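In: missing the sequence, but the structure's below:
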């Protein structure tokens, strides 16, 4: 039998919770409102870097920021050789924070609004494009006679055939590979918590089915689709490894021809 809970105890707990919430920095509240882990990570790094560059130690110091200080930060990033896209993203993150602080009446104005950012062409693709020959060689690079090789081939095939983000592939579970309306599909969890369904071609399907059959994951619907050999899911950095490893081998081979 549990101990009786007194009304005054509930009142004390409510007051403690209220005080704790009131002490949460507004910048943390702003950051927590984003649903994408990648966005939170990117914005958090931008804000931490700006605060460190300005020598800030407390939340109240946001009121002291002037456009000149933001420009000085932008110039320091330029001096360190950061790309225009990175600088644009970080200044935009800071501007978004100040927009939030203005709405909460914690600062009078957004000092970032008048600061110019590098021009970025969002329609321009800066990634290196692989040729069909390189893509085919990359797909066949992992050994087909080992479980790890079959898994790596399935990972590479998913990168090549779907163009999905690394983070979305990390989140895939076995149950996300299924038949829908006569087509085999993958359900990717993308930004904003949305689901993006992608129909697969016959080559991709064959690679995935062979991998699932050999590893015995066909019925393990709640398991990570691309698990490490100990059964755990991949993190963002480690999932890049198979693709990078085999791509480097193929590019080195190509240059030697």
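Out: Yep, it's here. Please read these numbers as outputs of a predicted model, since none were measured by experiment.
In: so what's residue 169 up against?
Out: Neighbouring residues of residue 169 by CB atoms under 8 Å, 6 or more residues apart in numbering: 155, 158-159, 188, 226, 239. To be clear about C-beta, it is placed using only N, CA and C from the backbone, and glycine gets the same treatment.
In: against residue 36, how distant is residue 191?
Out: Distance from residue 191 to residue 36, counting by CB to CB, to the nearest Å: 5 Å.
In: export the contacts of residue 169 to TSV and append columns for distance to residue 41, secondary structure and neighbour count.
Out: Compiled in TSV, the contacts of residue 169 are given as follows (distance: CB to CB, whole Å; DSSP: H, G, I helix; E, B strand; the rest coil; neighbours: other CB atoms under 10 Å):
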residue	distance to residue 41	secondary structure	neighbour count
155	22	helix	24
158	22	helix	26
159	21	helix	21
188	19	strand	20
226	21	coil	22
239	16	helix	20
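In: relative to residue 135, which of those is nearest.
Out: Closest approach between the contacts of residue 169 and residue 135, by CB to CB: residue 159, at 9.8 Å.
In: pretty sure residue 154 is touching residue 226, no?
Out: Yes - contact between residue 154 and residue 226 holds when scored by CB atoms under 8 Å: they sit 6.7 Å apart.
In: tell me which other helices or strands the strand or helix carrying residue 207 touches.
Out: Assigned by DSSP states H and E, residue 207 belongs to helix 202-215. Packing partners of helix 202-215 (3 or more CB pairs under 8 Å, 6 or more residues apart in numbering; DSSP states H and E): helix 147-162.
In: skipping adjacent residues, who's closest to the spatially most central residue of the chain in space?
Out: A centroid search over the chain (CA atoms, centre = their mean) returns residue 38, at 3.1 Å, as the residue closest to the centre. Using CB to CB, 6 or more residues apart in numbering and skipping residues adjacent in sequence, the residue nearest residue 38 is residue 167, 5.7 Å away.
In: any idea how far residue 189 is from that neighbour?
Out: Residue 167 is 9 Å from residue 189, where distance means CB to CB.
In: how about residue 135?
Out: For residue 135, the distance to residue 189 - CB to CB - is 25 Å.
In: so how far is residue 82 from residue 189?
Out: The spacing between residue 189 and residue 82, counted by CB to CB, is 30 Å.
In: how about the helices in the chain?
Out: 7-22, 26-32, 37-54, 67-79, 84-103, 132-140, 147-162, 166-170, 202-215, 236-256 (DSSP state H).
In: let me have the ones you listed in a markdown table, adding mean pLDDT as columns.
Out: Formatted as a markdown table, the helices of the chain follow (pLDDT from 0 to 100):
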| stretch | mean pLDDT |
| --- | --- |
| helix 7-22 | 47 |
| helix 26-32 | 86 |
| helix 37-54 | 88 |
| helix 67-79 | 93 |
| helix 84-103 | 92 |
| helix 132-140 | 82 |
| helix 147-162 | 88 |
| helix 166-170 | 83 |
| helix 202-215 | 92 |
| helix 236-256 | 47 |
